[in-house]
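Chemist: Quick one, structure for this:
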Amino acid sequence: SSSFELVSNIDCSDTINWNSGNGFDPVGGFSGVLDGNGHIVEDLYISRNNGQDQALIGTLDGYTSATVVNIGLVNISIEAQSYVAGLVGRTNQGSIVRNVFVTGEVQGTDFDIGGIVGESSSGEEFNNTFSRVNVSTVESEVGGLTGYNDIYDIANSYATGTYSGSGYDDALIGLNEGGASDLYFN
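Modeler: Okay, the predicted model is just below:
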């Protein structure tokens, strides 16, 4: 529940050697504020074939207005089961993701696989983001921004890259549910 600011870029190239080859162990249940101050996290590596909530931050607890802003993830390589993405595996109500970009590769073996967020659920803000991530799974719900979206407003965001799954795969959002969702594009 604390606030953190990056004061420089972070080289994560050694994470490929961490945890017996499984890589970085995601931050779980984050409920504070992370301000990247325009810095990047480079070469983040995660490989957990049976893992869920795999990303830089596994889950973002929005009930406390958890916030991630002004950060870039470059050349990521993340592979896991479900709720897999570059920045956040799953968000909860009230989360804020703003001024974020991600590049690299994200692979899943199940559902809710996204370039930035795996599953965005009942959130508040997803704004000024872009993804240049190749996203894939053998199942469904694959998207360049998020694999699954339920009542999360997405504004001024775009995605490029390749996206593949067995269903509900799209350049932006794999599966968009919840009629209250608004998509804004400039």
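Chemist: May I ask which helix or strand of this protein has the lowest mean pLDDT?
Modeler: Lowest mean confidence among the helices and strands of the chain (mean pLDDT, DSSP states H and E): strand 183-184, at a mean of 50.
Chemist: what's the longest strand in the chain?
Modeler: Secondary structure of the chain read by DSSP state E shows that its longest strand is strand 67-84.
Chemist: show me what contacts the closest residue to residue 6 other than its chain neighbours?
Modeler: Excluding the flanking residues, the one nearest residue 6 by C-beta to C-beta, 6 or more residues apart in numbering is residue 39, at 4.2 Å. No exception for glycine: its C-beta is placed from N, CA and C like everyone else's. Residue 39 is in contact with 6-10, 71-72, counting by C-beta atoms under 8 Å, 6 or more residues apart in numbering.
Chemist: what kind of secondary structure is the residue of the chain most remote from its centre in?
Modeler: Each residue of the chain has a distance to the centre, and by C-alpha atoms, centre = their mean the biggest one is for residue 20: 23.6 Å. Following DSSP: H, G, I helix; E, B strand; the rest coil, we place residue 20 in the helix state.
Chemist: about what we covered before: so among the contacts of residue 39, which ones count as buried?
Modeler: 6, 71-72 (16 or more other C-beta atoms under 10 Å).
Chemist: need those residues in CSV with distance to residue 176 and pLDDT, can you?
Modeler: Shown next, in CSV, are the buried ones among the contacts of residue 39 (distance: C-beta to C-beta, whole Å; pLDDT from 0 to 100):
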residue, distance to residue 176, pLDDT
6, 31, 98
71, 25, 98
72, 25, 98
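Chemist: Let me know the closest of the residues you listed to residue 94.
Modeler: residue 71 (19.0 Å; C-beta to C-beta).
Chemist: what separates that closest one from residue 134, distance-wise?
Modeler: Look at residue 71 and residue 134: by C-beta to C-beta, to the nearest Å, they are 20 Å apart.
Chemist: which residues does residue 34 contact?
Modeler: Here residue 34 is in contact with 3-6, 57, 67-69, 71 (C-beta under 8 Å, 6+ apart).
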